[in-house]
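J.: take a look and give me a structure for this.
(one chain, ligands or ions: 1)
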Amino acid sequence: MAPILYGIEASPPVRACFITIEALGIDVKYKEVNLLEGEHLKPEFLKINPLHTVPTLQDGDFSICDSHVITAYLVGKYGKDDSLYPKDLQRRAVVDQRMYFEAGILFNRLRAVTFPIVFEGVKVVKEDAAAGLEEASSPSVQRKPVTMPPILYGSLFSPPYRATLLTIQALGLQDAVEYQEVNTRNGDHLKPEYLKLNPLHTIPAFKDGDFTIWDSHVINAYLVDKYAKDDSLYPKDLEKRAVVDQRLFFDVGVLFNGLRAAALPVLKFGAKGVDKETAASLENAYNSLELLLERSTYVAGEHVTIADFSIVSTLTSANVLVPIASNRFPKISGWLTKMQALPYYAAGNQAGLDKFTELVKSKLA
Ligand SMILES: N[C@@H](CCC(=O)N[C@@H](CS)C(=O)NCC(=O)O)C(=O)O
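T.: Model prediction:
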């Protein structure tokens, strides 16, 4: 039976799937889910995708959401060759970085422009949203050859940096990697030498021989594919990997953006708390995670994966600003206890989380 794609044509991520389906020349059935009429929130759709987003793909018993993951899955399963999503580790990491850039930055900034117009009756493009979108569209994306040994750039305050530290620790690579402090609060990330390395000026970035990559999710996937003894942290099996990828995109697109919206006003602009709307949207993300954890022990199945590392570093930081009540989120609380018991958790996340907590508390005082 042909896979079914659920979506609405106005949605850019749905159209990314259309283009992929056309490029692959495959037969996929299309079912419209009208977001404007709330069809994505109806029980029959929530059964297929509890995160209620389109596009969603159903392929036999397997369903998966997030356009980036769906397109990678379709190429992996139906592509005649791997040209649209290369199997070569470094070429794939570059494609992945571009996809996380789209999911974490470009799409979110587009959403900030379109959401008020489509869903809130606003009649003009908000100036700050337009500026954000312009900024996201401008940096040139390129990679430069660099030298050995592997270097991780960033700072313990940063949740994505800690997700990569967890991965490095879990792989036992902590002594094989050099660590170079890039402190965003001092503007280190905007200095020309760092911009040469990562023109998008985010931390973490990772330099491995003459190859440089950034975005914690991509670095973590790269580290497991290149250095792990087995694939348990990032399975090679197409469906299992798609589930991990979906959780990674949930982290980058939803959870981390919620954390950023809560943290930036406090850390940068002197706010003394999190406003109600931002707190509510972060709690919505907690609700989604609670639903995912009703389905499995860890965020992407019965084993720890890099998706747990990304989500735990983001979530424990968000918890400092918008606390996660254990009675409202029992599954999240149980999972956090399991994560905290991992032998590498203290060095990978807790040490930096303590610094982040201290910083936030000093700003709120
Ligand atoms: N999706 C990226 C997000 C990285 C990110 O935004 N890091 C923040 C620090 S927590 C940063 O570098 N901010 C500085 C900037 O964007 O200029 C990842 O997972 O690596």
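J.: for the ligand, give me its nearest residue in the stretch 251-365 of the chain.
T.: Relative to the ligand, the nearest point of the stretch 251-365 of the chain is Val252 (4.8 Å; Cβ to the nearest ligand atom). In this view, the C-beta of every residue, glycine as well, is placed from N, C-alpha and C.
J.: next, the contact list for that residue, please.
T.: When contacts are counted by Cβ atoms under 8 Å, 6 or more residues apart in numbering, Val252 is found next to 100, 103-104, 215, 217, 310.
J.: what does this protein put close to the ligand?
T.: Proximity of the chain to the ligand (Cβ under 6 Å from any ligand atom) is limited to residues 100, 104, 158-160, 184, 189, 201-204, 215-217, 252.
J.: most neighbours out of those, which is it?
T.: Neighbour counts for the residues of the chain next to the ligand, by other Cβ atoms under 10 Å, peak at Ser216, which reaches 33 neighbours.
J.: that one and Leu166, how far apart?
T.: Noted for Ser216: a distance of 10 Å to Leu166, by Cβ to Cβ, to the nearest Å.
J.: again, but for Val218
T.: Counting by Cβ to Cβ, the gap from Val218 to Leu166 is 15 Å.
J.: give me the residue from the stretch 1-150 of the chain nearest the ligand.
T.: For the stretch 1-150 of the chain, Cβ to the nearest ligand atom, closest residue to the ligand: Gly104, 4.1 Å.
J.: is it correct that that residue is in contact with Asn257?
T.: Yes. Counting by Cβ atoms under 8 Å, Asn257 is a contact partner of Gly104 at 7.2 Å.
J.: show me where the stretch 151-300 of the chain has helices.
T.: With helices called from DSSP state H, counting those that start in this stretch, the stretch 151-300 of the chain shows them at 159-170, 192-197, 216-227, 238-250, 256-269, 276-295.
J.: relative to helix 216-227, how tilted is the first one?
T.: Following axes from the mean of the first three to the mean of the last three Cα atoms, to 10 degrees, one obtains 20 degrees for the angle between helix 159-170 and helix 216-227.
J.: outline the domain layout of this protein.
T.: Domains of the chain are assigned by automatic domain parsing as 4-78, 238-364.
J.: and the longest one, what's its mean pLDDT?
T.: Regarding domain 238-364, the rounded mean pLDDT is 97.
J.: can you offset everything so residue one is 22?
T.: All right, first residue 22 from here; so that's domain 259-385.
J.: for that domain, the distance to its chain's centre please.
T.: 11 Å (Cα atoms, centre = their mean, to the nearest Å).
J.: give me the residue at the spatial middle of this protein.
T.: For the chain, Val273 is the residue whose C-alpha lies nearest the centre (Cα atoms, centre = their mean; 2.2 Å).
J.: what's the burial count for the closest residue to Ala197 other than its chain neighbours?
T.: Excluding the flanking residues, the one nearest Ala197 by Cβ to Cβ, 6 or more residues apart in numbering is Pro171, at 6.8 Å. Number of residues near Pro171 (other Cβ under 10 Å) recorded here: 17.
J.: do you know how far Pro171 is from Pro180?
T.: Distance check for Pro171 against Pro180: by Cβ to Cβ, it reads 21 Å.
J.: please apply the same query to Thr299.
T.: 16 Å.
J.: rewinding a little: pLDDT wise, what is the residue nearest to Ala197 at?
T.: 95.
J.: can you pull the phi/psi pair for it?
T.: When read as degrees, to the nearest 10, the backbone of Pro171 gives phi -60, psi 130.
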